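Participant: A predicted structure for the sequence below; I have some questions about it.
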Amino acid sequence: MNLKLIAPCGMNCAICVAYLRDKNKCPGCRMLGQKKDIKSIYCKKCSIRDCLILKENKWKYCKKTCSKYVCQRLKNLDKRYRTRYGMSMIKNLEYINKKGIRAFIKNQKKKYIKDGKILCIHNKKYYNIKK
């Protein structure tokens, strides 16, 4: 798990099924466009990843200081993840903004890594950690 795998919306790409699978593997939304063989359509068209406010302010993550925080796209994404997967993007962002990205990653490792394997948020299966 590293900094490049934490998306602007607060998603930890390291626990995403698209990142963990072997076929049509997504490299994480921050890595899109850097490789030619990207197959993931979800991150490619994400309005949060491509947010002009984030780019103009050079922010890596959504912040409360943003004039549009919490935008409708983030609200919808958060609701879907809370309902389906028991995880809140908004809570992740609050944690990142309050305690910092390194503390967030440390917390995510405690939460999702066990016995050298990582838990996928989407299918609740453990995968070998890829190096």
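Facilitator: That came in fine, so what should we check first?

Participant: going forward, measure contacts and count neighbours with C-alpha atoms only.
Facilitator: Noted.

Participant: List the buried residues of the lengthiest helix in the chain.
Facilitator: Among the segments of the chain that qualify as a helix by DSSP state H, the longest is helix 72-85. Across helix 72-85, burial judged by 16 or more other CA atoms under 10 Å covers Leu74, Leu77, Asp78, Lys79, Tyr81.

Participant: What is it packed up against?
Facilitator: In terms of contacts (3 or more CA pairs under 8 Å, 6 or more residues apart in numbering; DSSP states H and E), helix 72-85 is packed against helix 89-99.

Participant: I'd like the distance from the helix it packs on to the chain centre, please.
Facilitator: Distance of helix 89-99 from the chain centroid (CA atoms, centre = their mean, to the nearest Å) equals 12 Å.

Participant: And for stretch 118-129?
Facilitator: With CA atoms, centre = their mean, you get 14 Å for stretch 118-129.

Participant: what's in contact with that stretch?
Facilitator: The contact list for stretch 118-129, computed with CA atoms under 8 Å, 6 or more residues apart in numbering, reads Ile15, Cys16, Val17, Leu20, Tyr85, Tyr112, Ile113, Gly116, Lys117.

Participant: how long is that stretch from one end to the other?
Facilitator: 6 Å (CA to CA, to the nearest Å).

Participant: And the strands in this protein, which stretches?
Facilitator: Listed in chain order, the strands of the chain (DSSP state E) span 113-114, 117-119, 126-128.

Participant: Turn the ones you listed into CSV, including mean neighbour count, distance to Arg30 and mean pLDDT.
Facilitator: Below are the strands of the chain laid out as CSV (neighbours: other CA atoms under 10 Å; distance: least, CA to CA, whole Å; pLDDT from 0 to 100):
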stretch, mean neighbour count, distance to Arg30, mean pLDDT
strand 113-114, 14, 22, 96
strand 117-119, 19, 20, 97
strand 126-128, 15, 21, 94
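
Participant: And those strands: which comes nearest Lys25?
Facilitator: Closest of those to Lys25 is strand 126-128, at 13.5 Å (criterion: CA to CA).

Participant: The closest one pairs with which strands, parallel or anti?
Facilitator: strand 117-119 (antiparallel) (DSSP bridges).
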